[in-house]
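Student: below are the sequence and a predicted model; questions follow.
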Amino acid sequence: MRFFFIVLVALITVSRAQQQPDLPVALVPLDSRPATSSLPVDVAAVGGVRVVTPARQWLGDATRGAQLEQLVPWLEGVDASALVVSLDALAYGGLVQSRTSELSVDDAWARLQVVRAWRSRTGRPVYAFVTIPRHPDATNRTRNLALIRKVFDWAADGTLERLYVTWDDALPGSPARAR
């Protein structure tokens, strides 16, 4: 549920700062679970904010990663007043995949360049969120932390309007909270 609240906060922020209220907000959810994909859309609608998302079947789930060959073109073509994006969805394919993927930090970083391109193309705000994966499930936490540190540069240079770094549902004793 933590991800839902992060997305909700971002959507509320976006709704207050919309420069072009006739356009929807684009959301690339963390994965296909209703709490991260459809519930934020429904809550935003209650507040009068129209949200568009990629097709749910393109998003990752517990057994497979997101279909980047579908997500990237969607993101390249979507016309929106702002972008709310899960960096884990684009970099790794979703939350589960962020814990288990063997992808290198360079390959994950390359996958995120579509976000910078969207910002450059539109000049509109990007609100991003990324997760520090839980221990002991994560097989490549060092890679994830290195990617997060690279994303900090985007927050500093204005590519991202806001960056939310959250931790996965950390178990007692997990280093996720400290990092």
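Tutor: Looks like it arrived, so ask away.

Student: what about the strands in the chain?
Tutor: For the chain, the strands defined by DSSP state E cover 25-28, 51-52, 82-86, 126-132, 162-167.

Student: mind listing the strands the first one pairs with, and their directions?
Tutor: For strand 25-28, the pairing partners within the sheet under DSSP bridges are strand 51-52 (parallel), strand 82-86 (parallel).

Student: now those strands as JSON lines including distance to residue 164, mean neighbour count and mean pLDDT?
Tutor: Any C-beta I mention is one placed from the backbone N, CA and C, and that applies to glycine too. Formatted as JSON lines, these follow (distance: least, C-beta to C-beta, whole Å; neighbours: other C-beta atoms under 10 Å; pLDDT from 0 to 100):
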{"stretch": "strand 51-52", "distance to residue 164": "17", "mean neighbour count": "18", "mean pLDDT": "94"}
{"stretch": "strand 82-86", "distance to residue 164": "10", "mean neighbour count": "27", "mean pLDDT": "95"}
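
Student: which of these sits closest to residue 29?
Tutor: Evaluated over the strands paired with strand 25-28, closeness to residue 29 peaks at strand 82-86, with 5.9 Å, by C-beta to C-beta.

Student: ranking the strands of the chain by mean pLDDT, which is last?
Tutor: Here the lowest mean pLDDT among those goes to strand 162-167, at a mean of 88.

Student: now that strand against strand 82-86, angle please.
Tutor: 20 degrees (axes from the mean of the first three to the mean of the last three C-alpha atoms, to 10 degrees).

Student: so which elements touch strand 162-167?
Tutor: Judged by 3 or more C-beta pairs under 8 Å, 6 or more residues apart in numbering; DSSP states H and E, strand 162-167 is in contact with helix 2-17, strand 126-132, helix 141-157.

Student: got the buried residues for it?
Tutor: Residues of strand 162-167 classed as buried: 163, 164, 165, 167 (neighbour count, 16 or more other C-beta atoms under 10 Å).

Student: kindly reformat the residues you listed as a markdown table containing distance to residue 64.
Tutor: What follows is these, written out as a markdown table (distance: C-beta to C-beta, whole Å):
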| residue | distance to residue 64 |
| --- | --- |
| 163 | 27 |
| 164 | 25 |
| 165 | 25 |
| 167 | 24 |
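
Student: now, which of those sits nearest residue 66?
Tutor: Distances from residue 66 to these, taken by C-beta to C-beta, are shortest for residue 164, at 19.1 Å.

Student: relative to residue 30, how far out is the residue nearest to the closest one when sequence neighbours are not counted?
Tutor: Of all residues not flanking residue 164 in the chain, residue 129 sits nearest, at 4.0 Å (C-beta to C-beta, 6 or more residues apart in numbering). Using C-beta to C-beta, to the nearest Å, one obtains 8 Å as the distance from residue 129 to residue 30.
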